[in-house]
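[1] Sharing a model that was predicted from the sequence below.
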Amino acid sequence: MQGYLGIDVGSVTTKVVFLSKKGAILWSTYRKTMGQPIWVLQSALSDLYHELTPTVLGVGATGSGRGLASHLIGADVVKNEITSHAVAAIRYYPDVQTIVEIGGQDSKLILIRDGVVIDFSMNTVCAAGTGSFLEHQASRLGLRVEELGTIALNATSPVRIAGRCTVFAESDMIHKQQMGHNLEDIVAGLCDALVRNYLNNLSRGKDLREPILFQGGVAANHGIKTSLEKELKKEILVPKYFSIMGAIGAALLALECEVKATKFKGFRIFSHHLISSSFYCDGCPNTCGVMEVRDGNEVIARWGDNCGKWSSTT
Amino acid sequence: MRIGIPQGLLYFKNGRLWKRNLNALGIEVVTSPETTEGILSDGIRHSVCDLCLPVKAFFGHVLALKDNVDCLFIPRVIRVEPDAFLCPKFIGLPDMVRAAIRNLPRIIDTEFNIKEKPEAVFWQEVRRELKGDRKMLLRGEAEAISTNEILRCAQNDRKRRNDKIEKDHRLQKFSEHKLTVGIAGRPYLVLDNYLNKGVVRYMNRLGVSVVYQTPEKNYIIETMSMLPKWIYWSMGKEVVSSVRRMLEDESIDGIILIANAGCGPDSFMTELIDGTLPVHKKPYMSLSIDEHLSDAGLQTRIEAFVDMIERKFKYN
C-alpha cells in the first residue's frame, strides 16, 4: 500500500496519519506525547507498520516537535502548524474563511480568502486560553478533561471566571465553589473564560467570516464550541478529523510537493533504542542548547546550534 | 585614556558618531562586544525585573567593559528633537547603571537635550568633562580640535546615518533573495543580532531578504499629522512612520513589527499601528520579544508568515 505519512508532534499530543496517493485517510492515530515524543512516535509508527505494512512515498512533519520528528524519521517537508492546518482545512472545506485552532499549548486564528491564508495570529508566550489551561482546571475539579464538554452543556447560568491567567482563574474558581455554585455552571464558566481569552488575544479587529472551522484537540469539547458560537453569534463547524488536521495537512504538503525520492529512514529504526539528550555548547558566549539523539552509541542527529558546529557533524 | 561605549541602546543610532567624536578628542574608544547569552544573563542578574530587555542587556555591556576602561560614555539623552522625548529609561540611564552596578569607573553622563542646548554645546561639555582628567591633559592633539570641527563631523554623519545603518549591521547583504520583508522596530532591538532572537538570520535562511529603514524627517512629520495626536516619543514616531513607509513601498512584500515586550511605548505603538494604519493591505505581523530563550515559537510564526506570502504568490 503506497501513500504519504503526516506527523504532528504537539506539546501535549502526537498525531500520525497515512494518506493514500489521492489524499484519502488510510490510517490515523492520536495519542498523548507524555513528554516522550521519541517513544510515542516509535510506537505509533510500529503500529502503522504492523497494521498496513505501507510503502512511504513522502513524509511531512509539523507541530512544535517537527524538528525532532524530521531528524528522527527523515521528513521531506517540515512545515509550521499554521500552513498545515490551513492546507487540511481547505481540502475538506474549499470555501473555508476562518479557522479557529486550539491545541495543547498553542492557539491560532487563521483567516483564509480564496483558498489562501491572508492573515493569522497566535497566542502570546503564555498558555492561558489553550488545552493546557482546561486540563489544569479539570484536574483541580477532579474531572477528566474529556468530561468537561458534556458537563458544561448542562449549565443553567455559567459563572464569570477570569480567563486571563490560570492562577487568577484558579482562585476565581475556588471562590465560586465556596460560594456554592454548582459544578456545571463553573465548568461552563471556564469554557466562556477560555473563549473570551482566545478572542481578546487573537481576534481583535479581525473579520471572522463564515464558514468557521474549529480544529485542534480542544474542539472535542462541546462546551467550548457552544461558548464560541454564543460569543461570535455565528455557526462553528467542527470537521470530522478535527484533532488530526495538522498531521493531514503535513501529509498533503508532502503529497503536493511531488517528492521523487523520500528521505524517510524506513520503519526499521523504530525497533532501535533511541536516546535523546541535550547539552550547552561552550564554544562561544552564545552557549546554544544542542539537542542530540543517539542510537546506541552512534549519534544520529544533532540540532539547535546557531553556527552549525554540531549539526553539521551528523 | 580609554573610554568605553557599551554596545547597546543608543549605540545603534549614534555609536559611530560618538566613536568618531571621541577619537577626534584624542581618546581611545573601546566598545563592548556584540550581545551574547553571557552578556545578557549578566545584565539580567544586575537589573530589577521590570526593566525592558535592551536595558538589561545594556547593563551586561557595562559589566563587560567596566574593568578595562578609565571611564564610560553614557550620556543622559533627554530630547533628540525639540518636540519629543526619549523614554525615561534613557533619561535615567546613567543613574540606573550606577545604582545597579558596583565598582564602576567614572561615567561621562553629559546631558543631551536639543531643546535646551545645541549639539555643539553638548560636545563642548563632553570635552570639558574629559579635560578634567589628568591623563587627558598629557595629550596635546585634543586641544587642537575645535568644537566646530566636531560639529561638522556630527552633521556629515547624521546625513549618512540613515543609509549606513543597514550596511553596518549586515542586514543588506542578502538582497538577492526573491521575497522582501520589511522589519520595523527600535534599532537597538532589531539590529542587535542576539536580542532579536536571530529573526533576520532565520528569515535569510528561509530565502527572504530583510529591509530596515528609518524614514526621513518630513515623512515622519507627515505621518504624525495623519494621527489623531502627535506621538511624543522620538523612536515611537520613527517606528510608526517606518511601518507606513513600508506599507506604501511596493518592493516590500510583508512587514514584521518587532516590539519589545517590556516596553511601555511599544505596547502603545503596536495598538496605534493596528488602529490607524491600513495594515490589512499587506501581510503584517507583530512579534513581541522578551527574555525567553527558546526560539521555537518565534520560528513558527516567521515560517508561517513567509509561507503565507509565498503561497499567496503561488496560487494567485
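    Ah, there it is.
[2] what about the chain, any weak spots by pLDDT?
    Unless you meant another one, I'm taking chain A. Within chain A, the ranges that satisfy pLDDT under 70 run A:124-129, A:163-164, A:314.
[3] if you could check chain B rather than the one you did, that'd help
    B:132-177, B:292-294, B:316.
[4] let's go with 50 and repeat that
    B:134, B:137-144, B:162-177 (pLDDT under 50).
[5] near chain A, which residues of it?
    Contact residues (Cβ under 8 Å from any Cβ of the partner chain) of chain B with chain A: B:33, B:36-39, B:194, B:198, B:201, B:274-275, B:280, B:283, B:285, B:288, B:290, B:292-293, B:296-297, B:299-301, B:303-305, B:307-308, B:311-312, B:315-316. For glycine as for every other residue, the C-beta is placed from the backbone atoms N, C-alpha and C.
[6] Swap in 6 Å and give it another go.
    With Cβ under 6 Å from any Cβ of the partner chain as the criterion, chain B meets chain A at residues B:Thr36, B:Glu37, B:Gly38, B:Ala296, B:Thr300, B:Glu303, B:Ala304, B:Asp307, B:Met308, B:Arg311, B:Lys312, B:Tyr315.
[7] Just want the residue of the stretch 1-150 of chain A that's nearest chain B.
    A:Ile82 (3.7 Å; Cβ to the nearest Cβ).
[8] how close does that residue get to B:Asp266?
    From A:Ile82 across to B:Asp266, the span is 24 Å (Cβ to Cβ, to the nearest Å).
[9] go on, A:Asp207?
    Separation of A:Asp207 from B:Asp266 (Cβ to Cβ): 26 Å.
[10] Compare neighbour counts for the two and give me the winner.
    Between A:Asp207 and B:Asp266, counted using other Cβ atoms under 10 Å in any protein chain shown, the more crowded position is B:Asp266 (26 against 11).
[11] Now for the more buried one, which secondary structure element holds it?
    Assessed by DSSP states H and E, B:Asp266 sits inside helix B:264-276.
[12] just how off-centre is that helix within its chain?
    18 Å (Cα atoms, centre = their mean, to the nearest Å).
[13] Using the record's domain definitions, break the chain down for me.
    With no chain named, the answer covers chain A. For chain A, the structural domains run A:2-83+A:247-271, A:94-238, A:274-313, going by automatic domain parsing.
[14] You answered for a different chain; I wanted chain B.
    If you go by automatic domain parsing, chain B breaks into B:2-163, B:171-315.
[15] all helices of chain A, in order?
    A:37-52, A:66-73, A:81-92, A:131-140, A:148-153, A:166-179, A:183-202, A:222-232, A:245-256 (DSSP state H).
[16] Check the gap between the residue in the stretch 201-314 of chain A positioned nearest to chain B and B:Met285 for me.
    Per Cβ to the nearest Cβ, A:Pro285 is where the stretch 201-314 of chain A lies closest to chain B, at 3.5 Å. Per Cβ to Cβ, A:Pro285 is found 30 Å from B:Met285.
[17] who in chain A is up against chain B?
    So far as Cβ under 6 Å from any Cβ goes, chain A lies against chain B at A:Ser64, A:Asn80, A:Ile82, A:Thr83, A:Val116, A:Val117, A:Pro285, A:Asn286, A:Thr287.
[18] List the buried residues for the helix or strand containing B:Asp95?
    Using DSSP H and E, B:Asp95 sits within helix B:93-100. Counting neighbours by 16 or more other Cβ atoms under 10 Å in any protein chain shown, one finds that the buried residues in helix B:93-100 are B:Leu93, B:Pro94, B:Met96, B:Val97, B:Ala100.
[19] In contact with the first one, which residues?
    Read it as B:Leu93. Listed by Cβ atoms under 6 Å, 6 or more residues apart in numbering or on different chains, the contact set of B:Leu93 reads B:Ile74.
[20] what about 10 Å?
    B:6, B:8-10, B:55, B:58-59, B:62, B:74-77, B:86-87, B:107, B:109 (Cβ atoms under 10 Å, 6 or more residues apart in numbering or on different chains).
[21] and it, how far is that from chain A?
    24 Å (Cβ to the nearest Cβ, to the nearest Å).
[22] sorry, back to before: my guess is the residue of the stretch 201-314 of chain A closest to chain B contacts A:Asn306, does it?
    No. Assessed by Cβ atoms under 10 Å, A:Pro285 is found out of contact with A:Asn306, at 11.6 Å.
[23] What is the neighbour count of the residue nearest to A:Glu210 when sequence neighbours are not counted?
    Of all residues not flanking A:Glu210 in the chain, A:Lys234 sits nearest, at 5.5 Å (Cβ to Cβ, 6 or more residues apart in numbering or on different chains). When neighbours are counted by other Cβ under 10 Å, A:Lys234 registers 13.
[24] for residue 2, which residues make a bridge with it?
    Just going to use chain A. Counting by DSSP bridges, A:Gln2 is bridged to A:Thr55.
[25] To clarify, I was referring to chain B.
    With DSSP bridges as the rule, B:Arg2 is bridged to B:Glu28.
[26] Could I get the phi/psi values of B:Ser47?
    phi -120, psi 160 (degrees, to the nearest 10).
[27] Need phi/psi at the residue nearest to it when sequence neighbours are not counted.
    Take B:Ser47 and drop its neighbours on the chain: the residue closest to it by Cβ to Cβ, 6+ apart is B:Lys56, 4.6 Å away. In terms of degrees, to the nearest 10, the main-chain angles of B:Lys56 are phi -60, psi -40.
[28] isn't B:Lys56 right up against B:Tyr188?
    No. When contacts are counted by Cβ under 10 Å, B:Lys56 is not listed as touching B:Tyr188 (11.8 Å).
[29] Mutual contacts of those two, please.
    By Cβ under 10 Å, 6+ apart, B:Lys56 and B:Tyr188 have these common neighbours: B:Gly8, B:Leu195.
[30] what about A:Ile174, neighbour count?
    12.
[31] Can you tell me, leaving aside adjacent residues, what's nearest to B:Pro105?
    B:Cys71 (5.1 Å).
[32] got the residue ranges for the helices in the stretch 51-200 of chain B?
    If DSSP state H, counting those that start in this stretch is used as the criterion, the helices of the stretch 51-200 of chain B fall at B:53-65, B:88-91, B:93-100, B:119-131, B:134-137, B:141-144, B:147-168, B:187-190, B:199-205.
[33] who touches the last one?
    Contact with helix B:199-205 is made by A:306, B:169-171, B:173-174, B:177, B:179, B:181, B:183, B:185, B:189-191, B:193, B:196, B:198, B:208-210, B:212, B:256, B:258, B:287, B:289, B:295, B:298-299, B:301-303, B:305-306, as judged by Cβ under 10 Å, 6+ apart.
[34] Pairing partners for the helix or strand following it, with directions?
    Next along the chain after helix B:199-205, taking DSSP H and E as the criterion, comes strand B:208-212. Sheet pairing of strand B:208-212 (DSSP bridges) gives strand B:179-185 (parallel).
[35] distance of A:Ala61 from A:Gly246?
    10 Å.
[36] shared neighbours of the two, anything?
    A:Gly6, A:Ile7, A:Asp8, A:Val9, A:Lys79, A:Ser84.
[37] Same list, those residues, but as JSON lines with distance to A:Ala220 please.
    Below are those laid out as JSON lines (distance: Cβ to Cβ, whole Å):
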{"residue": "A:Gly6", "distance to A:Ala220": "20"}
{"residue": "A:Ile7", "distance to A:Ala220": "20"}
{"residue": "A:Asp8", "distance to A:Ala220": "16"}
{"residue": "A:Val9", "distance to A:Ala220": "19"}
{"residue": "A:Lys79", "distance to A:Ala220": "24"}
{"residue": "A:Ser84", "distance to A:Ala220": "19"}
